[in-house]
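Novice: next one to model:
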Amino acid sequence: MSDSVSVEPSVELSAAEALRLADRAREAARAPQELPTWYGVTFAVGFSLYGIGLGYALWADVSWLLGVLGAGFAALSGALAGVVSRRGGVARGMAPSLAGPAARAVLLLFAGALGVAGVVHLLGADARWSFGGAGVTAGVLFWLAVTRLNARIRRESEEA
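Specialist: Take a look at the predicted model:
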């Protein structure tokens, strides 16, 4: 007895229909996918801890810790981005239609974090509070940006 089973196709496709079906499958594979829900939260926590760590390192005058925190945050960011871009077994880049909104989100994140750090510093706080506030602000703004980006992806996929 053989383990293989022959399966007869129940629907016959013409060559043109098969090509259209293959094109639709290819387009679906290239379509942008939403970022997982844990992605925004993980980076929000990461930005917060990074900012708090930088503030503490500057306050305590432990300059070597700045490099360690930067290297750790960069490694974690790269690993998370690699996991997300390759989930589902397909390496995906960013869809060209999302490049503009993503760039604006990054600029908003930096502007917001620097703005909060500046205001907190002007209010007389030390480095712990200034950088901690900047890190938490960056985390919240990143989380909001991921949420908005996912909403845009859902909207575009529903319109298509």
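
Novice: C-alpha only now, for contacts and for neighbours.
Specialist: Will do.

Novice: mind listing what's buried along the longest helix seen in the chain?
Specialist: Assignment by DSSP state H gives helix 127-159 as the longest helix of the chain. Buried residues in helix 127-159, counted by 16 or more other C-alpha atoms under 10 Å: 127-147, 149-150, 153.

Novice: likewise for stretch 64-84?
Specialist: Here stretch 64-84 shows 65-66, 69, 73, 77, 84 as buried, counting by 16+ other C-alpha under 10 Å.

Novice: for this structure, which segments count as helices?
Specialist: Under DSSP H, the chain gives helices at 15-30, 37-59, 64-85, 96-122, 127-159.

Novice: helices or strands up against the third one?
Specialist: Going back to what we said before, that points to helix 64-85. When contacts are defined as 3 or more C-alpha pairs under 8 Å, 6 or more residues apart in numbering; DSSP states H and E, helix 64-85 sits against helix 37-59.

Novice: got the CA positions of the helix it packs on in CSV?
Specialist: C-alpha atoms of helix 37-59 as CSV (Å, rounded to 0.1, in the frame of the first residue of the first chain):
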residue,chain,number,x,y,z
THR,A,37,0.4,44.1,18.4
TRP,A,38,3.4,43.2,20.6
TYR,A,39,5.7,45.3,18.3
GLY,A,40,4.5,48.7,19.4
VAL,A,41,4.3,47.8,23.0
THR,A,42,7.8,46.2,23.0
PHE,A,43,9.4,49.3,21.5
ALA,A,44,7.5,51.6,23.8
VAL,A,45,9.0,49.8,26.8
GLY,A,46,12.4,49.7,25.1
PHE,A,47,12.4,53.4,24.4
SER,A,48,11.3,54.1,27.9
LEU,A,49,13.9,51.9,29.5
TYR,A,50,16.6,53.3,27.2
GLY,A,51,15.7,56.9,28.1
ILE,A,52,15.6,56.2,31.8
GLY,A,53,19.0,54.3,31.5
LEU,A,54,20.6,57.2,29.6
GLY,A,55,19.3,59.7,32.2
TYR,A,56,20.7,57.6,35.1
ALA,A,57,24.1,57.1,33.3
LEU,A,58,24.4,60.9,32.7
TRP,A,59,23.3,61.7,36.2
